[in-house]
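J.: The sequence and its predicted three-dimensional model are supplied below.
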Amino acid sequence: MVREWKMMFLKKICLIFILVMAFSSSLHAAPEAYRDFIGTWRRMDADYVICIRDIAATGKASVSYYNPGNINVSEARVSGEKEGAKVFIKLQDEGYPGSHYTLYYYPDNDLLGGYYYHATLKQKFKVIFQRMKAGCPGEAAGT
């Protein structure tokens, strides 16, 4: 009787462990529709760089922005479906009080395109970012 109870308890523990691991990995993995956003992107009209390192299943993204120095990113998220997925990047730093990008991925050309809202000027500009082979500025290769 005790042995049966121990076996049943062990099976339940294993099942709980498997469920927790499956749930945990799904929370951290970027959805398939968002994976194309991950990478280093350079704006075609200037020396501005966006580094998208990771995207959680919730859409929250780990992003850095350089112009050419590091500018604070206060919010970054990806949303939408495969054909209309977009990344929103809000900057909050000296000279960038709430300025933000809204960019869509164009798979045929491997580009991010959309708008940059310059909060100080209260103007919106069309922008295009091209994927770079190099990593993020200031980072050693492979990190």
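T.: Yep, it's here. Because the structure is a prediction, the values reported are computed rather than measured.

J.: Show me where this protein dips below the pLDDT cut-off.
T.: Counting by pLDDT under 70, the ranges of the chain that qualify are 1-30, 82-83, 140-143.

J.: Work out for me the element the residue nearest the centre of it sits within.
T.: If you average the C-alpha coordinates of the chain and look for the closest C-alpha using Cα atoms, centre = their mean, you land on Ala61, 3.0 Å from that point. Per DSSP states H and E: Ala61 is located in strand 61-66.

J.: Would you mark the buried spots in that strand?
T.: Across strand 61-66, burial judged by 16 or more other Cβ atoms under 10 Å covers 61, 63-66. Just so you know, the C-beta spots here come from the backbone N, C-alpha and C atoms, and that holds for glycine as well.

J.: what does whatever helix or strand comes next after it rub up against?
T.: Toward the C-terminus, strand 61-66 is succeeded by strand 70-71 as the next helix or strand (DSSP H and E). The set of residues external to strand 70-71 that reach it, using Cβ atoms under 8 Å, 6 or more residues apart in numbering, is 64-65, 91, 93, 96, 137-138.

J.: Can you get me a residue count around Glu32?
T.: Using other Cβ atoms under 10 Å, Glu32 is surrounded by 8 other residues.

J.: that's a helix at Asp36, yeah?
T.: Yes. When classified by DSSP: H, G, I helix; E, B strand; the rest coil, Asp36 is found to be part of a helix.

J.: show me what contacts it?
T.: Remark: with contacts taken as Cβ under 8 Å, 6+ apart, Asp36 is in contact with 85, 105, 107, 110.

J.: Kindly report the same for Pro97.
T.: 119-120 are the contacts of Pro97 under Cβ under 8 Å, 6+ apart.

J.: what's the helix or strand for it?
T.: Secondary structure here is read from DSSP H and E; on that basis Pro97 sits in strand 96-106.

J.: Check Cys136 too.
T.: Secondary structure assignment for Cys136, by DSSP H and E: no helix or strand.
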